[in-house]
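Visitor: show me how the following folds:
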Amino acid sequence: MKKEIQWKSIQFLPTMISLIAGDLDNVKEQYESLLAVKDKPHVLNDHIVGRIIKLYTEKIDEHWYYEKQIQIWSETNLTEQQKGDIERLNSWIHKIKEINERVLELAKLISENTIDKILAKDDMELALEVLSGKRKLPL
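Guide: Below you'll find the predicted structure:
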């Protein structure tokens, strides 16, 4: 049974600003971390990459909640300050969605060459990949 969503009143706006600002910082940090290992995916294992993929898939699937909350607030009588805050939130939410999708894309790419994937190959297959230039030796 799904729990009914309880939409927040406009008094929740300052809290939402804080939460979304934190989410934006976190997703940027996660993207930078994955970008740093893009060329050396062997430093991650299947479990870690799988958790990232699961988490960011869920985040993308739940993105509609923030958009709906902002829509509800936008349809009320707002002060100029609140209108500005909602516009800023809307911008941040779209940026978060965009970066979440990049994180997910990068994690899926990395998942193809984790340490677990490399160790699962037999020596001959791995040697052929290195000799053919398909795989670089880890440095």
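Visitor: count of neighbours near residue 99?
Guide: Counted with other C-beta atoms under 10 Å, the neighbours of residue 99 add up to 20. To be clear about C-beta, it is placed using only N, CA and C from the backbone, and glycine gets the same treatment.
Visitor: same question for residue 88.
Guide: Neighbours of residue 88 under the rule other C-beta under 10 Å: 13.
Visitor: now residue 76, what's its secondary structure?
Guide: Assigned state for residue 76: coil (three-state reduction, DSSP: H, G, I helix; E, B strand; the rest coil).
Visitor: which residues touch the residue nearest to it when sequence neighbours are not counted?
Guide: In space, and not counting its chain neighbours, residue 76 is closest to residue 10: 6.2 Å by C-beta to C-beta, 6 or more residues apart in numbering. Going by C-beta atoms under 8 Å, 6 or more residues apart in numbering, residue 10 touches 73, 76, 78, 82.
Visitor: tell me the one of those nearest residue 128?
Guide: Of all those, residue 128 sits closest to residue 73, with 58.5 Å by C-beta to C-beta.
Visitor: on the pLDDT front, check the residue nearest to residue 76 for me.
Guide: Note for residue 10: predicted pLDDT of 95.
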